[in-house]
Each structure stands twice: as C-alpha cells, then as structure tokens.
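Kindly generate the corresponding structure for this input.
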Amino acid sequence: MKEKLKGETEYLVALKLKNPSKSEEVAGEIGRLGFEARHWKELAKNVLDLIEVEEFYSTALIASVLVITGLGIVNVMLMLTESRKRSIGVLKAVGATSKEIFAVYFSVSLIYGILGFALGLSLALLIANAIKETSVEIFGGVLRVPFIFTPDLAFSGLAFALVVSTLSCAYSAYKASTLDPAEVMRFE
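Predicted coordinates:
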C-alpha cells in the first residue's frame, strides 16, 4: 500500500477516533507501517499550552475571589458582632450560654452562604443562557463549546459557599460567644 502512495504528491490523512486518548497508540501503529504519523497532542501543543496557562490564571482568579469574599464576610460579621455587643451582653446576662450565642452566629453565616450561593447561581445561569456557548478557531475550523450546567456543579458550588461563609464567620462567632456581659455593660 505504501508503494501505491509514493510519488511526487504528499497526502494528509486525518483520523477521527472514538477515544481520543488512544491517539498516541494509533499514531505509533501507523508509524510502524512506515508512514509519518503524529497524534493530536503533538499537533495541538500550542493550544494545550494555552489551556494550561488559562487554567493557572483561572485558579488564581478563583483564589482571589475566595480571599476577597471571605474577607468581606469576616468584615460584615465583625461589624455585626460589634454593633450587637450590648444585645449579646443582655442575652448572656439573662442566661444565654456561649454555645447558644455561637450557634446563632453560625446560623447567620450559613444563611449568608446559602443566599450568596442562590444569588451567584442565578446570575451564572442568566449569563450562561445569554451567551449559550463560546467558540474557538482551531486547525482552520471552529470549535464550539457550550456551557453545561449539572446538579453536581451546583452541589459543589453550594458546598464551596457554605465552607467559605462558615470559615469566615468562625472568628466573629467565637468573639461574640466569649463576650463578658459585665464588660459590655460597663463600657456602654
């Protein structure tokens, strides 16, 4: 067969595989037949490098959002604790335990996390429905990538929101639960 393809003309044959992860094996088999063969990872090295850089910057952006969100929640909860010192002092003076005060602040942090998740999910779905897909030109063709929403993704987002909000509120909840009612009443 190779003899039939020899001559002045060069041929380019592209194979579409059902399982792209086997492209290196297929290229090796074709190479053993005496043909020059390259797998898609070799041909798309620049694209793969670009995706790797994009993943790094996406991770850095997500980490920045996490830090900013956490600090924002910490700030709000500390201000809430500071503005409610007298109320907390009264509650503790009439018999509320530190655990009960901590539970109240912890519940507020969970509510903030759920509200933040609901708002973020709604906004993300609106934007994804408006954009529908993104497209990239590659190898002379256009690759269309639709936005896909799955329940697993929503659950991960909810877990993330709850972890950030509860970790961010832990200090202010602790601070509120350890207030000494006598100290608060003396300075008010």
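
Regarding the chain, what is its longest helix?
Criterion DSSP state H: the longest helix present in the chain is helix 45-83.

and that helix, what does it pack onto?
helix 98-131, helix 151-177 (3 or more CB pairs under 8 Å, 6 or more residues apart in numbering; DSSP states H and E). All C-beta atoms are positioned from the backbone trio N, CA, C, and that covers glycine.

That helix to helix 151-177, inter-axis angle?
Counting by axes from the mean of the first three to the mean of the last three CA atoms, to 10 degrees, helix 45-83 lies at 30 degrees to helix 151-177.

For helix 45-83, buried residues please.
Buried residues in helix 45-83, counted by 16 or more other CB atoms under 10 Å: 69-70, 73-74, 76-78, 81.

how about the residue nearest the centre of the chain, what does it touch?
By CA atoms, centre = their mean, the chain has its centre lying nearest to residue 62, at 6.1 Å. Contact analysis of residue 62 by CB atoms under 8 Å, 6 or more residues apart in numbering lists nothing.

measure it to residue 68 for me?
Distance of residue 62 to residue 68, given as CB to CB, to the nearest Å: 11 Å.

ok, then the element right after the longest helix of the chain?
Counting by DSSP states H and E, the next helix or strand C-terminal to helix 45-83 is helix 85-93.

which helices and strands does that next one pack with?
Packing contacts for helix 85-93, counted by 3+ CB pairs under 8 Å, 6+ apart, involve helix 98-131, helix 181-187.

Pick the most deeply packed of those.
Most buried of the helices and strands packed on helix 85-93, by mean neighbour count (mean count of other CB atoms under 10 Å): helix 98-131, with a mean of 15.

could you give me the average pLDDT of that helix?
For helix 98-131, mean pLDDT is 85.
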